[in-house]
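In: sequence and predicted structure below; questions after.
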Amino acid sequence: MSGRRILVVTNLYPPIAHGGYEVECQGVVEHLLERHEVLVLTSDRDRDAAPAEAGVRRELPFLPRRRATDLLSPLHAVRGAKVARRALADFRPDLVYVWNGAQLPQAAIRALESSGAAVAYRVCEHWFGSLYRSRYDPFMRGLTGGRWKRAARVWNRLPALRLDHETTTAAGVSWNSEALRSQVEVPPLVRPTFEHVRLPATRQSEELVGLERRPSAQPTVGYVGRISPEKGVDVALRALARLGGEGPEVELEVAGSGEAEYLRELEALAAALGITDRVRFLGPLDTGALRDFYARIHALVVPSVWEEPAGLVLVEGALAGVPLVASRVGGIPEIVRDPGEALLVPPGDPGALAAALGRTLGDPAESSARAGRARERAQGFRIGPYLKAMDEFVEKVVSRAP
């Protein structure tokens, strides 16, 4: 594939990150830089905490989800469109590659879509379904025919806007799971010319291949990821409280970051359940600490209570050889299958989760065999095949562009 100029658009970019979506994006950017010129256009959220980096512009407004944001929607649209068009003029991309557009002014995305460059989307969360019809962006929702249609189209006469709100844009779409593809409706102004499904992968996962397992003497269940209500850590705490019996007490280690207020709520819940001394909140882990974490835990729990598109942590756990227990939601059953490679339970059911954990901890031989099958399956989700699929996707999008 010959060198191209690729403009990558995403709401957050490491070191400013929310979860696996941003890490995955960064890995693809680093790979693309081996053959192409790449410019990353991302939001201004926490940009003072990020070092200046060639090829990364932190200029798009990041929009908090509150009423004031709605009222200022036309102004955010103007600013977003200006930033987008400046990047187009300076960089002149062959491909606009949109990753996560959540909480960005959608006018910026529309300006980029209408530039004449080929357009691709990598969709790893549900935001894509609300593109141009989000209640958090009244301007673009109105412009495409929503409640504020007349006012939005008056605003759109400004020279800084003048967005095409009628012509559909041909685009390639890469989904991270069949589940997400079935749940998310394609936006009204996007016309897919090529679609594929590819489960996520990151370079961090490669650090776990061939990991030597050294489970601790104390039975330990691990959770790793974003700590927020939809991730179901509270369900894991309630399940832990139900685990007991004649053997040693089971402990839970929680790795990851979250809002301080929610962390306090979880600590209060642990206290109310009488398990404070059995729960440890570790905070975010670097790669070395993460290897130690996966080496010592007896089971990895993914207790999500939302339609998790494709839990990247399951790929990590599988490659590390850790027995897996997870919710049967979203794309999780596409990564690991029940009961051959993992035990999957209904979301939000502490009793079912406790039973699956008890089975996992109580039968090490069965659990080890299950983990071995999961590790074998996860070989297809490693970074090499993933990056090859991404290269093929990019080339098809560019070659099929009108």
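Out: Yep, that arrived. Just so you know, these numbers come straight off a predicted model, no measurement behind them.

In: give the residue spans of the stretch 101-250 of the chain that score low on pLDDT.
Out: 245-247 (pLDDT under 70).

In: before we move on, what SS does residue 17 have?
Out: coil (DSSP: H, G, I helix; E, B strand; the rest coil).

In: tell me if I'm right that it and residue 23 touch.
Out: Yes - if you go by Cβ atoms under 8 Å, residue 17 and residue 23 touch, sitting 6.4 Å apart. Glycine gets a C-beta too; all of them are placed from N, C-alpha and C.

In: quick one: the nearest residue to residue 340 once chain neighbours are set aside from residue 366, how far?
Out: Nearest residue to residue 340 in three dimensions, chain neighbours excluded: residue 373, at 5.5 Å (Cβ to Cβ, 6 or more residues apart in numbering). Taking Cβ to Cβ, to the nearest Å as the measure, residue 373 falls 11 Å from residue 366.

In: please apply the same query to residue 319.
Out: Distance from residue 319 to residue 366, by Cβ to Cβ: 20 Å.

In: who's more crowded, these two?
Out: residue 319 (23 against 13; other Cβ atoms under 10 Å).

In: for that one, give its distance to residue 372.
Out: With Cβ to Cβ as the criterion, residue 319 and residue 372 are 12 Å apart.

In: if we can go back for a sec, quick check: the residue nearest to residue 340 is in a strand.
Out: No - looking at residue 373 with three-state DSSP, it is helix, so not inside a strand.

In: wait, it touches residue 338, no?
Out: No - using Cβ under 8 Å, residue 373 is not in contact with residue 338, being 11.5 Å away.

In: before we move on, which element is residue 179 in?
Out: helix 178-183 (DSSP states H and E).

In: go on, residue 119?
Out: Going by DSSP H and E, residue 119 is part of strand 118-123.

In: got the contact list for that strand?
Out: 25, 28, 94-99, 112-113, 128, 169-176, 180, 184, 190, 393-394, 397-398, 401 (Cβ atoms under 8 Å, 6 or more residues apart in numbering).

In: looking at those residues, which are in helices?
Out: 25, 28, 112-113, 180, 393-394, 397-398 (DSSP state H).

In: dump the residues you listed to CSV, plus neighbour count and distance to residue 249.
Out: Formatted as CSV, the ones in helices among the contacts of strand 118-123 follow (neighbours: other Cβ atoms under 10 Å; distance: Cβ to Cβ, whole Å):
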residue, neighbour count, distance to residue 249
25, 26, 40
28, 22, 43
112, 25, 54
113, 27, 55
180, 23, 38
393, 20, 48
394, 24, 51
397, 23, 53
398, 19, 57
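
In: farthest pair in the residues you listed?
Out: Distance extremes for the ones in helices among the contacts of strand 118-123: the farthest pair is 180 and 398 at 23.7 Å, using Cβ to Cβ.

In: re earlier: tabulate the ones in helices among the contacts of strand 118-123 (TSV), appending distance to residue 165.
Out: Output for the ones in helices among the contacts of strand 118-123, formatted as TSV (distance: Cβ to Cβ, whole Å):
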residue	distance to residue 165
25	28
28	30
112	14
113	11
180	26
393	28
394	27
397	23
398	25
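
In: going by distance to residue 59, which of these wins?
Out: For these, the nearest to residue 59 is residue 112 (13.1 Å; Cβ to Cβ).

In: residues touching that closest one, list them.
Out: 7, 9, 84, 87-88, 96, 98, 119.

In: same thing but at 6 Å, please
Out: Going by Cβ atoms under 6 Å, 6 or more residues apart in numbering, residue 112 touches 84, 96.

In: buried sites along stretch 32-50?
Out: 32, 36-45, 47, 50 (16 or more other Cβ atoms under 10 Å).

In: centre-most residue in this structure?
Out: Centroid check for the chain by Cα atoms, centre = their mean gives residue 21 as the closest residue, at 3.1 Å.

In: pLDDT score for that residue?
Out: Per-residue pLDDT puts residue 21 at 93.

In: can I assume it is in contact with residue 127?
Out: No - Residue 21 is beyond contact range of residue 127, at 9.8 Å (criterion: Cβ atoms under 6 Å).

In: the strands in the stretch 101-250 of the chain, which residues?
Out: 118-123, 169-175, 190-197, 220-224 (DSSP state E, counting those that start in this stretch).

In: quickly run through the sheet partners of the shortest one, with directions.
Out: What it means is strand 220-224. For strand 220-224, the paired strands and their directions (DSSP bridges) read strand 251-255 (parallel), strand 299-302 (parallel).
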